[in-house]
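Enquirer: Need a 3D model of the following:
(4 chains)
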Protein chains: 2
Amino acid sequence: MASPTPLPLDPIAEAKRQWIAHGWADSADAMAAYSSVMRAHQLMYSRVDAVLKPLGLSYARLELLRLLSFTRGGALPMASASARLQVHPTSVTSVVDRLEKDGMVRREAHPTDGRATLVVLSDLGRVLVEKATTVLNEEVFASPGIPAEELRTMTSILARFRRDCGDFTDPAPTPDPL
Amino acid sequence: MASPTPLPLDPIAEAKRQWIAHGWADSADAMAAYSSVMRAHQLMYSRVDAVLKPLGLSYARLELLRLLSFTRGGALPMASASARLQVHPTSVTSVVDRLEKDGMVRREAHPTDGRATLVVLSDLGRVLVEKATTVLNEEVFASPGIPAEELRTMTSILARFRRDCGDFTDPAPTPDPL
DNA sequence: ATAATTTACTTGGTATACCTAGTAAATGCT
DNA sequence: AGCATTTACTAGGTATACCAAGTAAATTAT
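Expert: Predicted structure coming up:
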C-alpha cells in the first residue's frame, strides 16, 4: 500500500530525530534500520501481491508452489515445507488448505511414514507457478525500485544477519573482501 | 522465529542459483533482495515481539502508543494515526479496539468534527510506552545483529526506495554525495 | 437551503502469521 | 512385545493486515 497522501517528511528520519532528542542516540540507527525494513517489507509485499492477485495467488502461496516445483516429483512432506520455507507448521497447514481448495495442490499419504502427509503440486499449480514467476519477474523484479548495486549490498548485509540469527550455517553468505 | 534447525545452505542464495539456472538471471538480484527483506522482516518482527510480549504489547500496538506519546496532549484523530503510521484505517480501528480494552488508550469525540474520533493515550499507556521503549532499546536495538555502518547503509538505501514508492516527498532522505 | 459529494469510522469477511493443545503414527527402551 | 517418547499434523483461538460495504457527519455545489 503506497501512501495515498505522501507525508511531507520521511517518518523514519523524524522518528530518529525524536530518538536522539530523547537521549536514545545509541539506539537510533538500529531503530531506523529496523523500521525501514518493516516498512520496505510492507511496500514490497503489496507490490508482489498486487501482481499475483489476478492469478489467485499471494506471496505465501507462491512460495509453497515454487518450492514444490523445484522438487523432483513436485511433492514434499508438510514438515519439510515448513522447514524450507521457515514458517510455522500451522501456517503451512492453512496455506495448503486453501491451495487444495483451489486445486493447486493435493494432499497424499506418505508411502512409508504413516504420520506424514505429502503436499503434491497439481497440473494447475504447475501452470500457475510458471505464469506467476514470469509475471513477477516482468512486473516487479525487472524494475524493483532499487539500483542493482544496492540490491546486492542489501542482500549481502541481510544474509549475514540471517545467518547470525541461525537461519543457516553456510560459512560465507557472500564472499567478503578481507 | 529463528530456525529451530538451521538449514545447511542459505535458502535465498539457493533460490538465486535456481533463478539463474532457469534463465531468469536478469531478475535474480531483485528476487534475492526482496526475499531477504521478507525474511529479515520476519526475524526482526519476532525479536521485537518477544521483548514486548511481557508488557502486553506488540510492534503494531507500540507504534500507535509511541505516535500518541510524541503528540502534544497524547491525542490524535484515527485518520491522522492511519496516515502517520501508513497503515489501513481498519487496522487502526482494530488496534485501538484492543488497546482500549486493555486500558492503554481511550476514544473521545472530536471537539469540532463530529465525524472524527480521537484516540487518547491513558496514563497506563504512557507508562507502558516508556517502559517498552527502554526495554526495546536495551534488548534489541543495543545489539541489533548488524554492524552500525551497515545499519546506516541499509536505512539510506531503503529511504530512497520508500520515497520512490510515494511514502514521502522529502527531497533528500539522506544527503547524497553527488 | 437542499442535494450531492467527500470524509471518517465501523462492521464483517479473507488471508497470513503465530501459539497451545490434541490425536495418531513411528521409534526407542526395557 | 509393550510402554514411553518423539514426530507429524490438525483444530481452535489470537493478532495483524487487507478490502468492501455501510452509516453518519461535514463540505461543496446548485
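
Enquirer: From now on I want contacts and neighbour counts done on CA atoms only, so please keep to that.
Expert: Will do.

Enquirer: got the contact list for residue A:66?
Expert: Applying C-alpha atoms under 8 Å, 6 or more residues apart in numbering or on different chains, we find residue A:66 in contact with residue A:129.

Enquirer: quick one: the helix or strand containing residue A:97 to chain centroid distance?
Expert: Using DSSP states H and E, the element containing residue A:97 is helix A:89-101. Here helix A:89-101 shows a centroid-to-chain-centroid distance of 16 Å under the convention C-alpha atoms, centre = their mean, to the nearest Å.

Enquirer: Quick check: residues of chain A near DNA strand C?
Expert: Residues of chain A that fall close to DNA strand C, judged by C-alpha under 7 Å from any atom of the strand: A:57-61, A:86-92, A:94-95, A:98, A:112-115.

Enquirer: quick one: pLDDT of the residue nearest the centre of chain A?
Expert: By C-alpha atoms, centre = their mean, the mean C-alpha position of chain A lies nearest to residue A:59, the distance being 6.7 Å. Looking at residue A:59, its pLDDT reads 92.

Enquirer: That one contacts residue A:49, correct?
Expert: Yes: shown here, residue A:59 and residue A:49 form a contact pair, counting by C-alpha atoms under 8 Å, at 6.2 Å.

Enquirer: and the helix or strand hosting residue A:149, which residues are buried?
Expert: Assigned by DSSP H and E, residue A:149 falls within helix A:148-164. Within helix A:148-164, the residues that count as buried by 16 or more other C-alpha atoms under 10 Å in any protein chain shown are A:150-163.

Enquirer: Check stretch A:163-170 too.
Expert: Quick answer for stretch A:163-170 (16+ other C-alpha under 10 Å): A:163, A:165-169.

Enquirer: would you turn these into JSON lines with pLDDT and distance to residue A:24?
Expert: Compiled in JSON lines, these are given as follows (pLDDT from 0 to 100; distance: C-alpha to C-alpha, whole Å):
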{"residue": "A:163", "pLDDT": "91", "distance to residue A:24": "28"}
{"residue": "A:165", "pLDDT": "89", "distance to residue A:24": "25"}
{"residue": "A:166", "pLDDT": "86", "distance to residue A:24": "28"}
{"residue": "A:167", "pLDDT": "86", "distance to residue A:24": "30"}
{"residue": "A:168", "pLDDT": "85", "distance to residue A:24": "32"}
{"residue": "A:169", "pLDDT": "83", "distance to residue A:24": "34"}
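
Enquirer: which of these sit farthest apart?
Expert: Pairwise distances across these (C-alpha to C-alpha) peak at 10.0 Å, for the pair A:165 and A:169.

Enquirer: what's near enough to touch residue A:40?
Expert: So residue A:40 contacts B:37, B:158, B:161-162 (C-alpha under 8 Å, 6+ apart).

Enquirer: Which residue does chain A have closest to DNA strand C?
Expert: Of the residues in chain A, the one nearest DNA strand C is residue A:114, at a distance of 2.8 Å by C-alpha to the nearest atom of the strand.

Enquirer: Bridged to residue A:77, which residues?
Expert: The partner list for residue A:77 in beta bridges (DSSP bridges) reads residue A:118.

Enquirer: any idea how far it is from residue B:141?
Expert: Distance, residue A:77 to residue B:141, by C-alpha to C-alpha, to the nearest Å: 38 Å.

Enquirer: just for chain A, where's the confidence low?
Expert: A:1-5, A:171-178 (pLDDT under 70).

Enquirer: does residue A:107 sit in a helix, a strand or a coil?
Expert: Secondary structure state of residue A:107, per DSSP: H, G, I helix; E, B strand; the rest coil, is strand.

Enquirer: Spatially nearest residue to it, not counting backbone neighbours?
Expert: Nearest residue to residue A:107 in three dimensions, chain neighbours excluded: residue A:119, at 4.8 Å (C-alpha to C-alpha, 6 or more residues apart in numbering or on different chains).
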